[in-house]
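1. pasting the structure only:
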Ligand SMILES: N[C@@H](CCC[C@H](N)C(=O)O)C(=O)O
């Protein structure tokens, strides 16, 4: 079984080519693949499957040839991944499954158009954001924030720490943020944001993963909450600095655009013995018996 490893600003993924939808990706196998000591190591898994072969993408095959099946490192399923879809698109072009240019990819959050040049940064149209009613109290490092709830297809809670600078942000203990379960019944990704010379700097505690070096949907949620707070309409662009690098968030009418590097690192082969010990890929379950399409971190 072949895999490719890739990342977007340090948010890293195991890419599994599965055009015909033959792999049953159990949560146990996802956890084993993502384990940084005993597996390949990643924040998540991207299964690359034709929409025509994927029951979760039923109805999208006329508009999009490929479906991004994204899984968090803990084995849970999320609706959307902004860095993941950029890496996914880079893989499609690199593997010869798509020509450079604009391509549309199906996700659990709906169709997303991606602009993939032959080389360089990849931009995705992330769709319109949803600012939910708030604020919601979220506690990070013993401090309560009035968090702004934003959906980018997946849920985010944006916490502004205006009194900190990027160095203060780097010192914050981001483990175990707490939030009212009723406000985020499916769990939530928590971002802490500070002002930075070119825009904003952020760190993120991802649902289903823990702290990651970068989060594309998180960067969009932060830029949306930041623009809403400033109150004078979306700026042309916001530069978002993350521990793993810089992402740029822009707007085209009501659509949020996310740009940044998407890098393929290595190709590999899963050893049969390792795969067997990790539980292996079962045959894909019939459509009606598939696991729930979205699982919160719990
Ligand atoms: N890193 C991703 C987001 C992945 C999903 C997230 N952990 C969730 O459960 O919603 C990104 O780049 O957007």
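-> Arrived safely. Note that this is a predicted model, so its numbers are computed, not measured. Numbering: from 1, shown residues only.
2. Correct me if wrong: residue 41 contacts residue 34.
-> Yes. Contact criterion Cβ atoms under 8 Å: residue 41 and residue 34 qualify, at 6.7 Å. Every C-beta, even on glycine, is put in place using the N, C-alpha and C of the backbone.
3. who's more crowded, the two?
-> Using other Cβ atoms under 10 Å as the criterion, residue 41 and residue 34 rank with residue 34 on top: 23 against 14.
4. Identify the residues contacting the closest residue to that one other than its chain neighbours.
-> In space, not counting the residues next to it along the chain, residue 34 is nearest to residue 73; the distance is 3.8 Å by Cβ to Cβ, 6 or more residues apart in numbering. Residue 73 is in contact with 30, 31, 34, 42, 43, 44, 208, 209, 210, counting by Cβ atoms under 8 Å, 6 or more residues apart in numbering.
5. can you list those residues in CSV and add pLDDT?
-> CSV is the format used below for the contacts of residue 73 (pLDDT from 0 to 100):
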residue, pLDDT
30, 97
31, 98
34, 98
42, 98
43, 98
44, 98
208, 98
209, 98
210, 98
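6. List just the nearest of the residues you listed to residue 132.
-> Closest to residue 132 out of these is residue 208 (19.8 Å), distances taken as Cβ to Cβ.
7. and that closest one, how many neighbours does it have?
-> Residue 208 is flanked by 22 other residues according to other Cβ under 10 Å.
8. ok, now the one 3 residues further on?
-> Close neighbours of residue 211, defined as other Cβ under 10 Å, add up to 16.
9. And for residue 50?
-> Per other Cβ under 10 Å, the neighbour tally for residue 50 reads 18.
10. And for the longest helix along the chain, what's in contact with it?
-> Ranked by number of residues, the top helix in the chain under DSSP state H is helix 216-230. Under the criterion Cβ under 8 Å, 6+ apart, residues 8, 11, 80-86, 124, 126, 129, 131, 148, 150-154, 156, 158, 160, 189, 191, 193, 200, 202, 204, 206, 233-235, 238, 240, 242, 247, 249, 256, 258, 260 lie in contact with helix 216-230.
11. For it, buried residues please.
-> Within helix 216-230, the residues scored as buried using 16 or more other Cβ atoms under 10 Å are 216, 217, 218, 219, 220, 221, 222, 223, 224, 225, 226, 227.
12. can you narrow these to ones near the ligand?
-> Among the buried residues of helix 216-230, the residues lying close to the ligand (Cβ under 6 Å from any ligand atom) are 216, 217, 218.
13. Turn those residues into JSON lines, including pLDDT.
-> Below are these laid out as JSON lines (pLDDT from 0 to 100):
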{"residue": "216", "pLDDT": "98"}
{"residue": "217", "pLDDT": "98"}
{"residue": "218", "pLDDT": "98"}
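14. Need the per-residue pLDDT for residue 254.
-> pLDDT, residue 254: 88.
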